[in-house]
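Asks: The amino acid sequence is not available; the structure is as follows:
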């Protein structure tokens, strides 16, 4: 173990010892206090003790310090303390209220000091240094007595690219890195220093242009003020003395320029523009635009923030860190790490969490913009403590601050965002792997992991915000369609008993709402979604049965950060949500039965005849929906008439399969089948009424709600539309690939479109019976030729007709039924459209090796049994169709669940000695009952006969 690791462990032990002693030493005051006030007091005491601790162990960094309790002082007498002893001593100093060194010691000069040329011209410090101009004489009775100048405050240290380069050159020349170590430690553990560092410096031309505008505005304002105060007629000239005008110009000389080229006010100027002390005065240095408000003959300039800008010269920060981290042996790194650990604990975390630091000063984001540029955040030295502490501080920002940071990051290059992502993923992975997790210690309670996930969420939304979004026209149409859907559901269920029941709407992500974006609106994020998934975290580290209560109780839950979860993990979270809702509906039904009398109906019970499966299923579901829609959220229970099977999951699997096969039969004519894509699409000329499509939507919703995979073949655009989106030309390649290719060729064609293609805005298509039909994309479309100017419009209208308009009536009814079941589900919060397709259809990967590795054995069988070995040899030699039949026979469905066949947990049980009996199965529990056949050939013959002719249920 390295010395840094030993010091880190000792420092942590000392801090823990100090906190433990504090809790034992404080006596209860006996006065009633709020929990928030008590928390703030404890946090303040903890931070003060930590200051004493670091003062005893590290010192303040000032070699001239006279504090005998500081390790930097020559009078320090406790030099041989261990870390634990230092923790105990820190408690003692806290009780005695011993002197404590400031982060950057300030010294008050007895005699006025002249500022150096560098300090008077280059420093951006706002600490109130004295001006170089002389004050006017003061009349008093004691004329000969000298008036003392106001005390000069020591300037706040800050960094620029040039300063760091100069210090590095000087240290190289002297072969002594102490100066660099001191400046890194003093700047990076001081909030004000970091806020002032690496500020954008404008060019002279930009400064002069801005100064002219500012001077003109100020002169006009002064003229109006003078004209209103004087009784003499106003001459239009300013009455401001020339000396005062010169002072004004010197005060407004610090004008910054943003990266986009728009003017940015300096901090001092912003304060002068808003002397009232409102929050606008803290927006100095942030990208602003002028908004002139004329009221009572007064012109007032307001700073209106545009949150996608910053005053930090990010490129200069990157060049500086690149030069620093190219130094041999990185002599400054221990000082930087200690500063990063001390900076948030020095009061910044408490200021952000309890004292609205961001609202008072948005420039606090400059600190995080600079620190996140450190190249080695993913290294073990930073991951140990410094990087988690930084992530925790960023995670404490209010939602507005996180949105501001996301907007800034959205303008970054993709490779820089990916480096942030890799560092955060590295931190999460290391903490997951090295942690000891149990039912009493879950990952949700690990502060380092949760803090990193919160920062990852900001980065995730930055990639969404800066990605390729749907157009505003499409978004507005989707909003109107959503309102129409609500009205459609209301009309359909008019008079239903349970319709007036108060519904629990799914949670909405607050950060996305603050940014005004929705994940579903983003066609292509800056970084692909899958790169945000952390496999180590999803590999049995997250316990969704523990995470779900956190989700319901507004604690940190990974369900609220679903971007980091795999589809299988998210499906497990939704499974718990659905099951708990089923249990609640069951309890409600039983309670109503006790109170009001009558039979209890805890389940959604459907009785089916195999030769009338469509009629029985659709009629039963329609009666349930019209009578009480809440019944659709009960657990489904299916009975086949004349069969003895008890539905523990397997019977309903076969029910769904049979219903789907019947509904998608081309003879019914509700859907059309495309031989090229092997997908079904809605028949726009179907003779079936809306109710039939609504009931099909209910079937699809019930399958997801009851965790059943269906053999449905829809193009991906259907699942986008189910989540509230509209189909566009980008979706056409999946549903109509040949047409999409020809339209794309049209867009790319550079020749004479009218002569070559001879298209107009009237299109033709065929109905299910092969009859030719036409449709005008625009009024009098047959008279409007397609040209280079309108070809994009033609393509968009064509795609809109095929994917939206032509099947609007059928799809609205279909979506209505789907939402009647899933409206209260976190489906939309957790899943993207491609994941919903995976929920419905399952995976396509028939990995029977994974199924064999995950299989369990019972009744005397084990992995070494002869019959078991013969079974797997036979299975591995089957074709894909036979393998699907085996899945159908053993599990009730031939679909592969999310996460692969390993999730099935197939159980192979011995069903007596060798006999002529066929293999049987409990599909509800994925159990295969296999007699102990004497040889492989007999096993193969019996097994193939069983899976080929299996249908129906009975009692064994």
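Replies: Nice, I can see it. Keep in mind the model is a prediction, meaning the values are calculated, not measured.

Asks: Let me know the pLDDT of the closest residue to residue 382 other than its chain neighbours.
Replies: Closest residue to residue 382 apart from its sequence neighbours, by CB to CB, 6 or more residues apart in numbering: residue 376 at 6.0 Å. The C-beta positions use only the backbone N, C-alpha and C, and glycine is treated the same way. Looking at residue 376, its pLDDT stands at 90.

Asks: before we move on, what about residue 17?
Replies: Per-residue confidence (pLDDT) for residue 17: 43.

Asks: ok, now residue 475?
Replies: 88.

Asks: now the strands: where do they sit in the stretch 751-900 of the chain?
Replies: 762-766, 772-776, 856-858 (DSSP state E, counting those that start in this stretch).

Asks: Could you export these as a markdown table, including distance to residue 937 and mean neighbour count?
Replies: Output for those, formatted as a markdown table (distance: least, CB to CB, whole Å; neighbours: other CB atoms under 10 Å):
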| stretch | distance to residue 937 | mean neighbour count |
| --- | --- | --- |
| strand 762-766 | 53 | 13 |
| strand 772-776 | 58 | 13 |
| strand 856-858 | 22 | 14 |
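
Asks: Out of the ones you listed, which gets nearest to residue 569?
Replies: Closest approach to residue 569 among those (CB to CB): strand 856-858, 22.1 Å.

Asks: which residues touch stretch 381-392?
Replies: The contact list for stretch 381-392, computed with CB atoms under 8 Å, 6 or more residues apart in numbering, reads 4-5, 8, 12, 333, 337, 340-341, 344-345, 349, 368, 371-372, 374, 376-378, 423-424, 426-427, 430-431, 447-448, 451-452, 454-455.

Asks: one more time with 7 Å, if that's ok
Replies: Stretch 381-392 is contacted from outside by 4, 8, 333, 337, 340-341, 344, 371, 376-377, 426-427, 430, 447-448, 451-452, 455, using CB atoms under 7 Å, 6 or more residues apart in numbering.

Asks: Please indicate which of those residues are buried?
Replies: 8, 333, 337, 340-341, 344, 371, 376-377, 426-427, 430, 448, 451-452, 455 (16 or more other CB atoms under 10 Å).

Asks: Just those: which are in helices?
Replies: In helices, defined here by DSSP state H, the members of the buried ones among the contacts of stretch 381-392 are 8, 333, 337, 340-341, 371, 426-427, 430, 448, 451-452, 455.

Asks: neighbours around the residue nearest to residue 608 when sequence neighbours are not counted, how many?
Replies: Counting by CB to CB, 6+ apart, the nearest residue to residue 608 once its immediate chain neighbours are dropped is residue 616, at 4.9 Å. Using other CB atoms under 10 Å, residue 616 has 18 other residues around it.

Asks: Where does residue 616 fall, secondary structure wise?
Replies: Assigned by DSSP states H and E, residue 616 belongs to helix 613-627.

Asks: In terms of secondary structure, what does that helix contact?
Replies: strand 603-608, helix 650-663, helix 690-705 (3 or more CB pairs under 7 Å, 6 or more residues apart in numbering; DSSP states H and E).

Asks: What is the second one packed up against?
Replies: Yep, that's helix 650-663 we're talking about. Right, helix 650-663 is packed against helix 613-627, strand 635-640, helix 690-705 by 3+ CB pairs under 7 Å, 6+ apart.

Asks: Identify the residues contacting it?
Replies: 608, 613-614, 617, 636, 638, 640, 645, 670, 696, 699, 703, 706, 708, 710-712, 892-893, 923-924, 953.

Asks: cutoff 8 Å now
Replies: Residues from elsewhere that reach helix 650-663, judged by CB under 8 Å, 6+ apart: 606, 608, 610, 613-614, 617, 636-640, 645, 668, 670-671, 696, 699, 702-703, 706, 708, 710-712, 888, 891-893, 922-925, 953.

Asks: Touching, the residue nearest to residue 382 and residue 322? I think so.
Replies: No - if you go by CB atoms under 8 Å, residue 376 and residue 322 don't touch, sitting 11.4 Å apart.

Asks: just to revisit the earlier point, report the mean per-residue pLDDT for the helix holding residue 616.
Replies: Taken as a whole, helix 613-627 has a mean pLDDT of 82.

Asks: quick check: angle from that helix to strand 603-608?
Replies: Relative orientation of helix 613-627 versus strand 603-608 (axes from the mean of the first three to the mean of the last three CA atoms, to 10 degrees): 150 degrees.

Asks: does residue 45 sit in a helix, a strand or a coil?
Replies: Classification of residue 45 using DSSP: H, G, I helix; E, B strand; the rest coil returns helix.

Asks: Make sure it is actually in contact with residue 94.
Replies: Yes - with contact defined as CB under 8 Å, residue 45 counts as touching residue 94 (7.2 Å).

Asks: can you give me the strands in the stretch 451-600 of the chain?
Replies: 468-469, 522-524.

Asks: other SSEs contacting the last one?
Replies: Packing partners of strand 522-524 (3 or more CB pairs under 8 Å, 6 or more residues apart in numbering; DSSP states H and E): strand 468-469.

Asks: Sheet partners, orientation included, of the strand it packs on?
Replies: strand 522-524 (antiparallel) (DSSP bridges).

Asks: could you give the mean pLDDT of the strand it pairs with?
Replies: Mean pLDDT, computed over strand 522-524, is 92.

Asks: try stretch 833-844
Replies: The average pLDDT within stretch 833-844 is 87.

Asks: Name the surrounding residues that touch that stretch.
Replies: 520, 567, 570-571, 700, 703-704, 709-714, 716, 719-720, 722-723, 725, 827, 831, 893, 895-900.

Asks: buried stuff in that stretch?
Replies: 833, 835-843.

Asks: Dump those into JSON lines; add distance to residue 817 as well.
Replies: Formatted as JSON lines, the buried residues of stretch 833-844 follow (distance: CB to CB, whole Å):
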{"residue": "833", "distance to residue 817": "18"}
{"residue": "835", "distance to residue 817": "21"}
{"residue": "836", "distance to residue 817": "15"}
{"residue": "837", "distance to residue 817": "18"}
{"residue": "838", "distance to residue 817": "21"}
{"residue": "839", "distance to residue 817": "17"}
{"residue": "840", "distance to residue 817": "14"}
{"residue": "841", "distance to residue 817": "18"}
{"residue": "842", "distance to residue 817": "21"}
{"residue": "843", "distance to residue 817": "26"}
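
Asks: Could you tell me which of these belong to helices?
Replies: Members of the buried residues of stretch 833-844 lying in helices (criterion: DSSP H): 833, 835-841.

Asks: Closest to residue 53 out of those residues?
Replies: Nearest member of those to residue 53, counting by CB to CB, is residue 835, at 48.3 Å.

Asks: which residues sit in contact with the residue minimising distance to the centre of the chain?
Replies: Residue closest to the mean C-alpha point of the chain, counted by CA atoms, centre = their mean, is residue 457 at 3.1 Å. Shown in contact with residue 457 (CB under 8 Å, 6+ apart): 402, 511, 561, 563.
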